[in-house]
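> this one's structure only:
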């Protein structure tokens, strides 16, 4: 565990995703770890914090989640642009060394048997709330957030500080085909 | 209808929301129009295009949607920062002149009996896919996108052009309490 990884109060966990970043989804089952990218992840509730994520039936990560009942949603940074694109475009089913080739390094968090991707700005450990109809009909998965952490160089005191941090920390917002935007300037209404 | 409003191919409608902007949700029933802000909206599928949006039980807009079975999701701009914050923090239940006070101007689209908010960058007309369990348990609503349009000064040829347009066109990404980020620089993986 690195020195800048700070626990985020679960009551404020929604703030890690509220601005709509593209995320990395990771999961573990029976000794297999995998990571994929997903633009279709969204906050669902404040307390207890919940989120939704859309997971295509073709993905290995979905299979792991269906078996283990848990997953991590993490927020990749502009510095992880290529990594994010690569884990989104390659499948562990075809490439057993997918994670190594994409440069993914995993770390552990005590009490949570899931793989966490190093270098991200935020992590949300989730327990699957089984909703078979949503999963089968819409590929829609609901998770309850049971642990949240952020890198305190870009998220601290309950809020993002993209405007003060190195631009390499900016979140990624995918449009299509490798075309992303970084998050931009702060605006106060 | 203004001269810059261009139809978006339904196959590319997901691109209007893929980068995770905060949206405005509008609906009409029995002569009542309303508009609210929502950060919790997300793409659900490509074809036919579908999306999810979380609508609290306290909102008037939700009641309108439950009755009419349709709604518009639109993408507000940085120029609409105060408007977005205002329609997100005031209820038509308490303030019958909410829309006028927030400076909301509505327009019509032929064939779609819903109120569209002028000045946005993109609009997705949706038919509700009734899922009572999701609606009652999670406040989660699913819509099928049946029409999509964008302002061609910021979205054309199937993609956003935030990097070339006036910064006033940038999408808004709410974190909490009136603290937003605008979308930022383009990154190509």
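Sure, I can see it. Small disclaimer: the values here were computed from a predicted structure and weren't measured.

> Quick one: neighbours of the nearest residue to residue A:95 once chain neighbours are set aside, just the number.
Excluding its sequence neighbours, the residue lying closest to residue A:95 (Cβ to Cβ, 6 or more residues apart in numbering or on different chains) is residue A:101, at 6.8 Å. C-beta coordinates here come from the backbone N, C-alpha and C atoms, glycine included. When neighbours are defined as other Cβ atoms under 10 Å in any protein chain shown, residue A:101 has 12 of them.

> can you give me phi and psi for residue A:101?
Main-chain torsions, residue A:101, degrees, to the nearest 10: phi -60, psi -30.

> Also residue A:110?
Dihedral pair for residue A:110: phi -50, psi 130, per degrees, to the nearest 10.

> Pull the number of nearby residues for it.
Residue A:110 has 5 nearby residues by other Cβ under 10 Å.

> I'd assumed residue B:83 was in contact with residue A:189.
No - proximity of residue A:189 to residue B:83 does not meet the contact threshold set by Cβ atoms under 8 Å, at 9.2 Å.

> packing partners for the particular helix or strand that has residue A:28 in it?
Using DSSP states H and E, residue A:28 falls within strand A:23-29. Under the contact definition 3 or more Cβ pairs under 8 Å, 6 or more residues apart in numbering or on different chains; DSSP states H and E, strand A:23-29 sits against strand A:32-38, helix A:60-68, strand A:70-75, strand A:112-117.

> Looking at these, which is nearest to chain B?
strand A:32-38 (10.1 Å; Cβ to the nearest Cβ).

> how much space between the residue nearest to residue A:95 and chain B?
15 Å (Cβ to the nearest Cβ, to the nearest Å).

> do residue A:124 as well
Using Cβ to the nearest Cβ, we find residue A:124 at a distance of 15 Å from chain B.

> by contact count, what packs against whichever strand or helix holds that residue?
Per DSSP H and E: residue A:124 is located in strand A:122-129. Secondary-structure packing of strand A:122-129 (3+ Cβ pairs under 8 Å, 6+ apart): strand A:50-54, strand A:70-75, strand A:112-117, strand A:140-151.

> Tell me the secondary structure at whatever residue of chain A ends up closest to chain B.
Closest contact between chain A and chain B, by Cβ to the nearest Cβ, is at residue A:20 (1.8 Å). Secondary structure, DSSP: H, G, I helix; E, B strand; the rest coil: residue A:20 is coil.

> per-residue confidence at it?
We have a pLDDT of 98 for residue A:20.

> again, but for residue A:3
pLDDT, residue A:3: 89.

> what helix or strand is it on?
Judged by DSSP H and E, residue A:3 forms part of no helix or strand.

> Which residue of residue A:189 and residue B:83 possesses the greater neighbour count?
Ranked by neighbour count (other Cβ under 10 Å), residue A:189 and residue B:83 place residue B:83 first, with 23 against 16.

> Identify each buried residue in whichever strand or helix holds that one, please.
For residue B:83, the host element (DSSP H and E) is helix B:81-89. By neighbour count with 16 or more other Cβ atoms under 10 Å in any protein chain shown, helix B:81-89 contains the buried residues B:81, B:83, B:84, B:85, B:86, B:87, B:88.
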